[in-house]
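**Student:** need a 3D model of the sequence below.
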Amino acid sequence: MSTTTVDDHHDEHPGFFKRWITTTNHKDIGTLYLLFSLLMFFVGGAMAMVIRAELYVPGLQWVEPGFFNSMTTMHALIMIFGAVMPAFTGLANWLIPMMVGGCDMALPRLNNWSFWILPFAFTMLLSTLFMPGGGPAGGWTLYPPLVLQTGNAFPFVIFSIHLMGISSIMGSINVVATILNMRAPGMTLLKMPLFVWTWLITAYLLIATMPVLAGAVTMLLTDKYFATSFFSAAGGGDPVMFQHIFWFFGHPEVYILILPAFGIVSHIIPTFARKPLFGYSSMVYATASIAFLSFIVWAHHMFTVGMPLVGELFFMFSTMLIAVPTGVKVFNWIATMWRGSMTFETPMLFAVGFVIMFTLGGFSGLMLAIAPADFQYHDTYFVVAHFHYVLVPGAVFAIMAAAYFWLPKWTGHMYNETLGKTHFWLSTLFVNLTFFPMHFVGLAGMPRRIPDYSLQFTEFNTMASIGSFGFGLTQLLFAFIVIQTIRGGKKATDQVWEGAEGLEWTLPSPPPAHTFDVPPVIK
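**Tutor:** Numbering: from 1, shown residues only. Model (predicted):
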């Protein structure tokens, strides 16, 4: 006898509001995160275009210096909190339940809430550009006393940062609860896919560091409006203390932006090399080591504040130490490809591009770790080149690799391979044209965050601006490919990439074949 009710039929085809606004389905929420991230990627990218248009040639061309300052601040806040982090959270929502054998995330309604906070937070942040006095004006690091010159927008900027933090913490609690409580029988921690491992560690980093940022920006708020003197030297405070608090959050944050990318690449390379990942356990331990070390290196952002020599030495050596587990990861990826039956479909191209260019960014980071050298590099375009090599061909390329890799599974349609490869090669060409010249102008002494510069830096800046516009336009191709794939196209089979028989989308290398501890229940 059928027990199907009218309500059941109604739920099979929910309306737009029920499907997307009130949803607690991890796949739908993952899709919302990813689409929101794509939108913010273009908003933040438009701000980068404003910055690069102003820097195309020397002199003040297009925007006021104050607005330029707001653009550098907003570009960073939107790209970090609006594009990269929500993209990784969307991937976590889609993939973690499937990878651990759970039916959904552990806390579905919290999941819905943690997403819907974000559109309001970023609408508020963007609205500050239209307030009297303009948008935030302190660089993304919000250093006092400069940031306290922000006009009426200031409390709105702080509140939007609080909302982003709340969203991140709730999402992280959900990830931890899902991974620790909803694994299939027999899936021990050391049998989990590496994407799950990297997200588990990332979630702990977020839970530990976001409250630190919340505390720092709240102290800024009370300094401006409630006559406290946490960071005001005139009242007995110390502006350098803000830098310590901020970077205690900020340095683990840069690993929050890259660890899930390591997980993604650790799935894609074994698939297209057609062999298991080399050194699964060492990858897990290396990820945990990076997370631990990220908490004890924060003041390498502050070598020039006049800290004691022993402090400089400690932060210099601990920073260099992070290169060891990162080197282990790069070695393992290369060893996985070694003598593999490699093919170079779009996800693999992005993954290999990630390994090469992320490593380049890592080497320039090692240069910045050397305290006496950093006295010269600090606050120059060399630093801009370094972190963009880690975050654009690093985090962003990994997200794009993941999109191409899992889109067929998510949509049931195959993306256009020719367009995908075109997107990769154009992106790689333009990302290097944009950021490689910045190493040279930085070493020659060009400072960051300025709307004008000396004539000697003209050629490299013109190259970087041309590269950035090329890169920005290329991403319109990415949006087109994604929309085209969602709307239809060639049907994806269970063997999407030729010759990849037996390789699954969701499970990596190990875990080995399942040896479930619990015997099957026979009804």
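
**Student:** pLDDT-wise, which helix or strand of the chain ranks last?
**Tutor:** For the chain, using mean pLDDT, DSSP states H and E, the weakest element among its helices and strands is helix 6-12, scoring a mean of 48.

**Student:** next SSE downstream of that one?
**Tutor:** Downstream of helix 6-12, the first helix or strand assigned by DSSP states H and E is helix 16.

**Student:** please state the offset of that following helix from the chain centre?
**Tutor:** In terms of C-alpha atoms, centre = their mean, to the nearest Å, the centre of helix 16 is set 29 Å apart from its chain centre.

**Student:** kindly report the same for stretch 438-457.
**Tutor:** 26 Å.

**Student:** hmm, who's touching that stretch?
**Tutor:** The contact list for stretch 438-457 (C-beta atoms under 8 Å, 6 or more residues apart in numbering) reads 54-55, 58-60, 63, 65, 68-69, 72, 139, 364, 376-377, 379-385, 388, 460-461, 464. Bear in mind the C-beta positions are built from the backbone N, C-alpha and C, glycine included.

**Student:** how about 7 Å then?
**Tutor:** If you take C-beta atoms under 7 Å, 6 or more residues apart in numbering as the criterion, stretch 438-457 is touched by 54, 58-60, 65, 68-69, 72, 139, 364, 377, 379-385, 460-461, 464.

**Student:** buried subset of these?
**Tutor:** The neighbour-count test (16 or more other C-beta atoms under 10 Å) marks 54, 58, 68-69, 72, 139, 364, 377, 380-385, 460-461, 464 as buried among these.

**Student:** just checking, which of those belong to helices?
**Tutor:** Judged by DSSP state H, the buried ones among the contacts of stretch 438-457 include 54, 68-69, 72, 364, 377, 381-385, 460-461, 464 as members of helices.

**Student:** can I get these in TSV with distance to Thr31?
**Tutor:** Below are these laid out as TSV (distance: C-beta to C-beta, whole Å):
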residue	distance to Thr31
Glu54	36
Phe68	35
Asn69	35
Thr72	31
Ser364	36
Tyr377	41
Tyr381	37
Phe382	39
Val383	35
Val384	33
Ala385	34
Phe460	40
Asn461	39
Ala464	34
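
**Student:** where does pLDDT dip in the stretch 251-400 of the chain?
**Tutor:** Counting by pLDDT under 70, the stretch 251-400 of the chain contains no low-confidence range.

**Student:** so which of the ones in helices among the buried ones among the contacts of stretch 438-457 comes closest to Arg487?
**Tutor:** Arg487 has its nearest neighbour among those in Ala464, at 35.4 Å by C-beta to C-beta.

**Student:** that closest one touches Val431, doesn't it?
**Tutor:** No: using C-beta atoms under 7 Å, Ala464 is not in contact with Val431, being 10.8 Å away.

**Student:** which strands and helices sit next to the helix or strand containing Trp333?
**Tutor:** Using DSSP H and E, Trp333 sits within helix 309-337. If you count contacts as 3 or more C-beta pairs under 7 Å, 6 or more residues apart in numbering; DSSP states H and E, helix 309-337 packs onto helix 259-273, helix 280-293, helix 346-369.

**Student:** got the buried residues for the last one?
**Tutor:** Put plainly, it is helix 346-369. 346-355, 357-362, 364-365, 368-369.

**Student:** repeat for the second one
**Tutor:** For helix 280-293, the neighbour count (16+ other C-beta under 10 Å) marks 280, 283-284, 286-291, 293 as buried.

**Student:** angle of that helix against helix 259-273?
**Tutor:** Interaxial angle of helix 280-293 relative to helix 259-273 (axes from the mean of the first three to the mean of the last three C-alpha atoms, to 10 degrees): 160 degrees.

**Student:** before we move on, back to that, dump the buried residues of helix 280-293 to CSV, plus distance to Gly165.
**Tutor:** Listed next are the buried residues of helix 280-293 as CSV, based on distance: C-beta to C-beta, whole Å:
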residue, distance to Gly165
Tyr280, 33
Met283, 29
Val284, 27
Ala286, 28
Thr287, 23
Ala288, 24
Ser289, 26
Ile290, 22
Ala291, 19
Leu293, 23
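
**Student:** for the residue lying closest to Thr73 once chain neighbours are set aside, which three-state class applies?
**Tutor:** Excluding its sequence neighbours, the residue lying closest to Thr73 (C-beta to C-beta, 6 or more residues apart in numbering) is Pro136, at 4.7 Å. Assigned state for Pro136: coil (three-state reduction, DSSP: H, G, I helix; E, B strand; the rest coil).

**Student:** so what's Pro136 scoring on pLDDT?
**Tutor:** pLDDT for Pro136: 88.

**Student:** spit out the contact partners of it.
**Tutor:** By C-beta under 7 Å, 6+ apart, the contact list for Pro136 reads 70, 73-74, 128, 147, 150, 153, 157.

**Student:** and what of Ser229?
**Tutor:** For Ser229, the contact set (C-beta under 7 Å, 6+ apart) comprises 223, 235-237.

**Student:** quick one: which of those residues is most hemmed in?
**Tutor:** Neighbour tally across those (other C-beta atoms under 10 Å): the maximum, 22 neighbours, falls on Asp223.

**Student:** okay, and that one sits in which element?
**Tutor:** helix 194-225.

**Student:** who does that helix touch, helix- and strand-wise?
**Tutor:** With contacts defined as 3+ C-beta pairs under 7 Å, 6+ apart, the packing partners of helix 194-225 are helix 85-100, helix 154-181, helix 239-256, helix 259-273, helix 280-293.

**Student:** how near is Leu313 to Ala371?
**Tutor:** 7 Å (C-beta to C-beta, to the nearest Å).

**Student:** so those two - more neighbours on which side?
**Tutor:** Remark: of Leu313 and Ala371, Ala371 carries more neighbours, 20 against 11, as counted by other C-beta under 10 Å.

**Student:** which residues are in contact with the more buried one?
**Tutor:** Residues in contact with Ala371 (C-beta under 7 Å, 6+ apart) are 303, 312, 316.

**Student:** can you check Gly470 too?
**Tutor:** Contacts of Gly470 by C-beta under 7 Å, 6+ apart are 430, 433.

**Student:** now it: how far from Asn416?
**Tutor:** Plainly put, Gly470 is 21 Å away from Asn416 if you go by C-beta to C-beta.

**Student:** got it, and Thr188?
**Tutor:** According to C-beta to C-beta, Thr188 and Asn416 sit 40 Å apart.

**Student:** how about Ile201: what's its closest non-neighbour residue?
**Tutor:** Sequence neighbours aside, Ala291 is the residue nearest to Ile201 in space, at 4.8 Å (criterion: C-beta to C-beta, 6+ apart).

**Student:** so Pro155 sits against Thr222, correct?
**Tutor:** No: contact criterion C-beta under 7 Å: Pro155 and Thr222 do not qualify, at 11.0 Å.

**Student:** show me which of the buried residues of helix 280-293 is closest to Pro14.
**Tutor:** The closest of the buried residues of helix 280-293, once distances to Pro14 are taken by C-beta to C-beta, is Thr287, at 38.3 Å.

**Student:** how close does that closest one get to Leu366?
**Tutor:** Thr287 is 19 Å from Leu366, by C-beta to C-beta.

**Student:** check Leu110 too.
**Tutor:** With distances taken as C-beta to C-beta, Leu110 is found 40 Å from Leu366.

**Student:** now do Ala323
**Tutor:** Note on Ala323: its distance to Leu366, by C-beta to C-beta, is 6 Å.

**Student:** how much space between Leu368 and Val383?
**Tutor:** Computed as C-beta to C-beta, the Leu368 to Val383 distance reads 7 Å.

**Student:** overlap in contacts of these two?
**Tutor:** In contact with both Leu368 and Val383: Tyr377, using C-beta under 7 Å, 6+ apart.

**Student:** my read is Tyr415 is in a strand, agree?
**Tutor:** No: residue state for Tyr415 (three-state DSSP) corresponds to coil; a strand is not indicated.

**Student:** now it: phi and psi?
**Tutor:** phi -70, psi 170 (degrees, to the nearest 10).

**Student:** how about it: what's its closest non-neighbour residue?
**Tutor:** Thr485 (4.4 Å).

**Student:** could you count how many residues lie near that neighbour?
**Tutor:** Neighbours of Thr485 under the rule other C-beta under 10 Å: 24.
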